[in-house]
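Here's a sequence, model it:
(chains A and B)
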Amino acid sequence: AQKITQTQPGMFVQEKEAVTLDCTYDTSDQSYGLFWYKQPSSGEMIFLIYQGSYDEQNATEGRYSLNFQKARKSANLVISASQLGDSAMYFCAMREMNTGFQKLVFGTGTRLLVSP
Amino acid sequence: NAGVTQTPKFQVLKTGQSMTLQCAQDMNHEYMSWYRQDPGMGLRLIHYSVGAGITDQGEVPNGYNVSRSTTEDFPLRLLSAAPSQTSVYFCASSSRQDGRYEQYFGPGTRLTVT
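Residues are numbered from 1 along each chain as shown, chains lettered A, B, ... in the order given. This is a model prediction of the structure:
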């Protein structure tokens, strides 16, 4: 079974608008962490935001926020006020206590295109 | 700090050749990992290490060897390259000290096997 599911292969958004990238996960662990990474066309993996399973508040980092719904096992990334430089692949990833905190499982990614 | 460095950036191999992808980190992280990225499949874990002298297999270990003799270095060896190993390879390091085990990625190595 897929541990991380990203159902949107591609998303389009206009500059200055907000966009939500979906991520659902599957785990029986109580302790886990969720990450979002951005991969621009240059290829590097850039950390965006982290949410721990015990964190009560949704994580925010500048224009990025994570809509964490634990009961639904979803961890959607919200990008506010999109910019042209946000065009990239976005990956959701999870680490679990029972498989080792140092291992990440990734989703297949969502390609975001921001148009002027 | 250089962070996580990988060499080479690009490599072309013929089927059956062997080579080593180099990875080094200068953050004194205890954990290091190798991932491969194929189109449409996200990143998949090949091997990982929880400290010098300790390594273990990830999701897709076949055809690869690793060792970790120092905290800083974690080379990935392809013993006999196959076209199925054409991929982009990322090395990453992390630490329990930040509480979230955030993985810091190297810039990647693009490998083509013909």
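
Now residue B:54. Nearest residue, chain neighbours left out?
Once its chain neighbours are removed from consideration, residue B:54 has its nearest residue in residue B:68; the separation is 7.0 Å (C-beta to C-beta, 6 or more residues apart in numbering or on different chains). Backbone N, C-alpha and C define where each C-beta goes, glycine included.

what about the one you found, which SS state?
Following DSSP: H, G, I helix; E, B strand; the rest coil, we place residue B:68 in the coil state.

Show me what from chain A comes close to chain B.
Residues of chain A lying close to chain B (C-beta under 8 Å from any C-beta of the partner chain) are A:4, A:33, A:35, A:37, A:43-45, A:47, A:50, A:52, A:91, A:93, A:95, A:100-109.

hmm, try it at 7 Å
By the rule C-beta under 7 Å from any C-beta of the partner chain, the part of chain A lying against chain B is A:33, A:43-45, A:47, A:50, A:52, A:91, A:95, A:101-104, A:106-109.

What's the ChimeraX syntax to select whichever of the residues you listed are buried?
Typed into ChimeraX, the line below selects the buried ones among these, using 16 or more other C-beta atoms under 10 Å in any protein chain shown:
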select /A:33,45,47,50,91,95,101,102,103,104,106,107,108,109
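
Can you tell me the closest non-neighbouring residue to the residue nearest in space to the middle of chain B?
Nearest to the geometric centre of chain B sits residue B:34, at 2.8 Å (C-alpha atoms, centre = their mean). By the measure of C-beta to C-beta, 6+ apart, the closest residue to residue B:34 outside its immediate chain neighbours is residue B:46, 4.4 Å from it.

Sounds good, over and out.
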